Every structure is written in structure tokens, then in C-alpha cells.
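Visitor: got a sequence here, can you build the structure:
(2 chains)
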Amino acid sequence: MGDIKNFVEELRWRGMIHDVMPETEEQMLKGMTAGYVGIDPTADSLHIGHLVGVMMLKHLQIAGHKPIALVGGATGMIGDPSGKSAERNLLSEAELRKNEEGIKNQLSKFLDFESDIPNRAKLVNNYDWMRDFSFLEFIRDIGKHITVNYMMAKDSVKKRIGADSKSGMSFTEFSYQLVQGYDFLYLYEHENCKLQMGGADQWGNITTGTELIRRKLGHENNAFALTCPLITKADGGKFGKTESGNIWLDPQRTSPYEFYQFWLNVSDEDAERYIKIFTLLSGPEIGNLIKEHKEAPHLRLLQKTLAKDITIRVHSQKDYESATSASEILFGKATTGMLRSIDEKTLLSVFKGVPQAEISKQEFEDGIPLLEFLSAKAGAFKSNGEARRMLRENGVSINKSKIKDDYIISGADLLNDKYILVQKGKKNYFLVKVL
RNA sequence: GGGGGGAUACCGAAGCGGUCAAACGGGGCAGACUGUAAAUCUGUUGGCUCAGCCUUCGGAGGUUCGAAUCCUCCUCCCCCCA
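Guide: Next up, the predicted model:
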């Protein structure tokens, strides 16, 4: 340890810097510095949108600095107005604590909280210091140092107060930046934390913090800010969302197979950016990968490398392997015949991440209308109408063979005597088990 | 407290007495093309026992042969003045 690497430079070549406060780089080179990222505990799991912040902390630790993950128990009860057009629902304390627990577990896959090193990672919850801070104390000791004029100048506020705002802004939301700013002040004083990082949308909130530190503690007290660009998709869509919602780190919410598939499906353009952000591969390694990928784009080396790296880190080597073998069977040249030749154990492991449904043997033998089977039973469609439509569009397969609306499900369709594979389009699979 | 504006399907937004299950855009889904990519093109996007029927346009009533469209009351939101 003791070796300090150039943290800012590392993030820079990875394209992870949107904005840095002047002299931040100098500070980070002086010696071990603590830096933090705030995480909203809106759920008991992180999703991949959180991953950028987590990676920043990871790089911070690698560079020899001390990462602090701040779970925003208190701020999470308020809701950050940045980037939101409407106020959010408030969370109860019980929910917050449960969420904190889940987040903590996931973070430890990335950060070293355990070792006996000086820059061991630390997890804090701002609820613990905000809880007993009375309103009167707060406005007297903190609110005093920041003018409303200053707060109103922030984009996050202007957007909500301007004429085109649709819902106005509550005092609670308005106070948000000050509460977050106080977090920074608190960590500065108690953890000697001099840096706050976050997404580009956090710049305003972070600088309220550095401003507060300067005004309350005096000008010799300098705190720093660094933000990374908001992760986007080349086509303008939201990063980290799919039809079925967020991509979570929790395997209960997003199976390792889906997780792997998400990264594998990233576009070429995005893959080049993502691999720098979400893996720890070195510059030269990434340069080579990009070069190789361009020579044979159809092999999708970038996507595969990216997906592998993250899946193993978040899940495990084993999960990665079963995800790839499942992908192999589902997207490879597999045919109905091949499906039939797979033994039950393999079949089940392949479809571990695929939605499954059950149907009784009795019901099956009595004969079941195709539409009902596809929608109500298999769960592939929300309504019979949708199933009908998809059949018309030639988008439904059973056991990898396209079917028409006059198809009759029978015992001949059973794989291993009890499974039927329903497929909607190319990528959506559903496994029905006949018991 | 006063005045004005608004609430339409996943989102944005038309419609202002029948031809409205509701234009248009975005998003979603599917098909073609491909590399399980992007771009593009096409179809589709309330439900059903689907060429017919049923339930929808903030809520409750009313006018009318007929209402998302008119009237009354209610709820919620925004803006301006005090």
C-alpha cells in the first residue's frame, strides 16, 4: 500500500469523467484521500445503473484511496429532485434498513470492506446522523450558511420552478441539496472525506456540499467534486432498462442468464464505452479487443468479454458458465431435434433463468386451447388478443419451430416427457412444465 | 381569499355532440435484413367466445335518440394576484 496511483487519470481515459473541480487531481496525488458516492436505498438491491458509481469507488480503492459508500437513508426519505419531474414517494425506516442490508452485501463483491488495510472501504448511512438532527438545529447551524439565492440557481431547482414546470416543487425537495450537502460536511469532518463523486446530474448537489464546507469551516477547507457522464445508449434509450424493467444485481430479480444476456446484447458502439467503464481491463487490453472486434464484428468479442467480466464479478464463474451454455442452446443452431436430445438435468439448468410455468397433466391430456395455453398457462402473453396477434405475425414457436394459430398442442410436443418450450419472437423464452 | 388554465390510452399530445377504441409522435412488441448489434423498412400496440360484441377519455350525476366532447357538483394539479 502507500502507493498512490493517478486516480483521476485512470477515470479520464476510461471516459468516466464529466466534470472535475479544479485541483482535484492534485489533491488525489498528494496521498490517500477518502471519497464517497451516495446510493439511494430505494430497493434492497442495486441495479446496473448504480454500477458506475460503484466502479468509481472501486477505482478509488485500487488507486490507494479510501472509498466510502453512503447509503442515503435520510436523503432517500426525501427524494432527489434532480432529473425528476415529480416528487417521489417516501420510504419508511423499516424499508430503508432492509434495503441498506441488501446493498451492503452487493457492494462487498466490488469493494474490500474487510482487509486490514488503511484504505479499507466503509459503508455509512446518513440516516444515522440525520435522525437526531432537529429541524431547528439544522436550519440554524446549516441553513444559515447557504442562501436561498444560491440554492435557487441550481438547475435541478430552476427546472422545477420555471414556467414549464408541471408540478411545482415541495419545500422538502427544495431542501434536498442542503441535506445532501450536509452529508458531505459531516463526512469531511468525521471521516476526513474530501471528495464526492456521482453522476453528472449530481454536480449541483455536490457543489452545494463543497460550498457549505467552505462557508462553514472556512476557506482553507477545500473539498472536491468529480462526476461521471450519465451512461447512455447510442440509440438514445435509457441505459439499464429492458422490456422487463431494470437489470438488477440480485439474482432473484434478474437471473444471471438475463444479466449475461443484457451485456451480450449491447450495441457495438456502446460496448466500446461500457467495457472501459464496467471492467478493470487495462487500456492496452481494451485497445486490442476493440481492434479485434472491428476485424470480425460478428464474433462480438467486445460484448462477450464485457458480459463475462461483469457476470463473474457480480454472480460467479459457475453462473457465467451456465449462462453461456444456455445462450448457446437458445441462440445457437439448436433445433427441435437437439432440444429433444437434451437430458432433463441439462434442460433445467439451461432454462434456469427463463420464466417457468406449470400445468397439470390432467389439464394437458384433456386438451387445452392454443391461445389459453400461450397466454394464461405459459404466461408468454398478457392476453389472448396479444397471442392471437403474435401468431398472425408469425412470431410464436414451440420447441423452436414456428407455429400457426391452428396448431394443436399434444403429447408429441413434450420434451423429456414433461416440458414444452414456448418462444415469443427470438429472445423471449418460456418453459411450461406438465406435472 | 380572488382570477385563470388543466386532468385523454405506457408517455407526450390531438379531439370539442354522431363517421372515436379515440389522429399524431415517442416508447413497447413482432416480422424482414443481420452479428442474439446498430440503422432501415413493415406490421402491431384496451378486452373478448374477434369481420361482431364489451369496457374506456380524473370521479359522481344530468341533458340528448346519441357525449371524450354540453350542464351540475366533487377530487387533484399548475400559474398569476392578495
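Visitor: just want the most central residue of chain A.
Guide: Geometric centre of chain A, nearest residue: residue A:48, 1.5 Å, by Cα atoms, centre = their mean.
Visitor: tell me the pLDDT at it?
Guide: Looking at residue A:48, its pLDDT reads 89.
Visitor: quick check: it vs residue A:250, distance?
Guide: 11 Å (Cβ to Cβ, to the nearest Å). Every residue, glycine included, has its C-beta placed from N, CA and C.
Visitor: likewise for residue A:230?
Guide: Here residue A:230 is placed at a distance of 23 Å from residue A:250 (Cβ to Cβ).
Visitor: now do the buried residues in whichever strand or helix holds residue A:362.
Guide: For residue A:362, the host element (DSSP states H and E) is helix A:361-365. Within helix A:361-365, the residues that qualify as buried are residue A:364, counting by 16 or more other Cβ atoms under 10 Å.
Visitor: next one: stretch A:8-26
Guide: Here stretch A:8-26 shows A:8, A:10-11, A:14, A:16-18, A:20-21, A:24-25 as buried, counting by 16+ other Cβ under 10 Å.
Visitor: and those, which two are the farthest apart?
Guide: A:14 and A:21 (18.8 Å; Cβ to Cβ).
Visitor: using PDB, write out every CA atom in the longest helix along chain A.
Guide: For chain A, the longest helix by residue count, based on DSSP state H, is helix A:171-191. Taking Å, rounded to 0.1, in the frame of the first residue of the first chain, the C-alpha atoms of helix A:171-191 are listed here in PDB:
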ATOM      1  CA  PHE A 171     -40.100  22.500   0.300                       C
ATOM      2  CA  THR A 172     -38.900  19.000   1.100                       C
ATOM      3  CA  GLU A 173     -37.400  18.500  -2.300                       C
ATOM      4  CA  PHE A 174     -36.000  22.000  -2.300                       C
ATOM      5  CA  SER A 175     -34.200  21.200   0.900                       C
ATOM      6  CA  TYR A 176     -32.700  18.100  -0.600                       C
ATOM      7  CA  GLN A 177     -29.400  19.700  -1.800                       C
ATOM      8  CA  LEU A 178     -28.800  21.100   1.600                       C
ATOM      9  CA  VAL A 179     -29.300  17.800   3.300                       C
ATOM     10  CA  GLN A 180     -27.000  16.100   0.900                       C
ATOM     11  CA  GLY A 181     -24.600  19.000   1.300                       C
ATOM     12  CA  TYR A 182     -24.600  18.400   5.000                       C
ATOM     13  CA  ASP A 183     -23.600  14.700   4.400                       C
ATOM     14  CA  PHE A 184     -20.500  15.900   2.700                       C
ATOM     15  CA  LEU A 185     -19.800  18.300   5.500                       C
ATOM     16  CA  TYR A 186     -20.300  15.500   8.000                       C
ATOM     17  CA  LEU A 187     -18.000  13.100   6.200                       C
ATOM     18  CA  TYR A 188     -15.500  15.800   5.800                       C
ATOM     19  CA  GLU A 189     -15.400  16.400   9.500                       C
ATOM     20  CA  HIS A 190     -15.700  12.900  10.700                       C
ATOM     21  CA  GLU A 191     -14.000  10.800   8.000                       C
END
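Visitor: list the buried residues in that helix.
Guide: Of all the residues in helix A:171-191, those buried under the rule 16+ other Cβ under 10 Å are A:173-188.
Visitor: which residue does the stretch 51-200 of chain A have closest to RNA strand B?
Guide: Per Cβ to the nearest atom of the strand, residue A:168 is where the stretch 51-200 of chain A lies closest to RNA strand B, at 3.1 Å.
Visitor: pretty sure that residue sits against residue A:157.
Guide: No - with contact defined as Cβ atoms under 8 Å, residue A:168 does not reach residue A:157; the gap is 11.5 Å.
Visitor: can you pick out the residue with more neighbours from these two?
Guide: residue A:157 (20 against 10; other Cβ atoms under 10 Å).
Visitor: quick one: contacts for the more buried one?
Guide: Taking Cβ atoms under 8 Å, 6 or more residues apart in numbering, we find residue A:157 in contact with A:81, A:151, A:169, A:174, A:177.
Visitor: can you do 10 Å?
Guide: A:81-82, A:148, A:151, A:169, A:173-174, A:176-177, A:204 (Cβ atoms under 10 Å, 6 or more residues apart in numbering).
Visitor: part of a helix, is it?
Guide: Yes - assessed with DSSP: H, G, I helix; E, B strand; the rest coil, residue A:157 lies in a helix.
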